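Participant: Sequence and predicted structure, then a few things I'm wondering about:
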Amino acid sequence: MPAFCADSSTFRGNAQHSGVYDAAEVPKLTGVQWAFHTQGQVISSPAVDGAVVYVGSTGGNLYAVDRAAGTEKWHFEAKSRIASSRAVSNGQVYFGAYDGSFYSVDASTGKLSWKFQTGGERRFAAQHLHGLQPAYESMPDPWDCYLSSPVVSNGAVYFGSGDGNVYALDAAPRSRYCFPSA
């Protein structure tokens, strides 16, 4: 594994999100190995770290699933839709949720390490959004959601937010919630 991937499982393989993986080719599978039912839709990429698959759902849960058996190891209730892909690094799983919260969860237990609250989504309305008709009618943006996937690099976790900011947070696990300063 290249040095830039050694401590992190992240969306598209590395901090650059290049999608290039330094690994043996994918084995040819025959049939479904297992299926896992979540309490909602899965609209993001799972993160695989060793023997565990981490997947979030629109039902508001993050799941840790045994990669070989397809059985649940634990789940964490974020209580808000999880649509971003996760990043896994140094025993922590990082992800954002629709309510504007960003989480760090212990990868082995599913316990909350810390939570950061962003400004959340900024809803707006305008005319002719996404080419919708009629062009003169002002309407709310039905797709105004920010699905930023986090990346961990050099001890910091980076992610974008629907509040218009890009955040860099200390990735270290801690036993307290943190909130942005005013």
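Facilitator: Ah, there it is.
Participant: Quick check: buried residues in stretch 89-103?
Facilitator: For stretch 89-103, burial by neighbour count (16 or more other C-beta atoms under 10 Å) applies to 89, 92, 93, 94, 95, 96, 97, 98, 100, 101, 102, 103. Heads up, the C-betas are built off the backbone N, CA and C, glycines and all.
Participant: hang on, I meant stretch 26-44
Facilitator: Buried, per 16+ other C-beta under 10 Å, within stretch 26-44: 38, 42, 44.
Participant: Would you mind checking which helix or strand in this structure has the lowest mean pLDDT?
Facilitator: strand 8-9 (a mean of 58; mean pLDDT, DSSP states H and E).
Participant: And the next helix or strand past it?
Facilitator: Using DSSP states H and E, the next helix or strand after strand 8-9 towards the C-terminus is strand 47-49.
Participant: What are the boundaries of the strands in this structure?
Facilitator: For the chain, the strands defined by DSSP state E occupy 8-9, 47-49, 52-56, 61-66, 72-77, 87-89, 92-96, 101-106, 112-117, 125-127, 138-140, 151-153, 156-160, 166-170.
Participant: Please convert the ones you listed to CSV, extending it with distance to residue 28.
Facilitator: Shown next, in CSV, are the strands of the chain (distance: least, C-beta to C-beta, whole Å):
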stretch, distance to residue 28
strand 8-9, 23
strand 47-49, 18
strand 52-56, 20
strand 61-66, 22
strand 72-77, 27
strand 87-89, 26
strand 92-96, 29
strand 101-106, 34
strand 112-117, 38
strand 125-127, 48
strand 138-140, 46
strand 151-153, 31
strand 156-160, 35
strand 166-170, 40
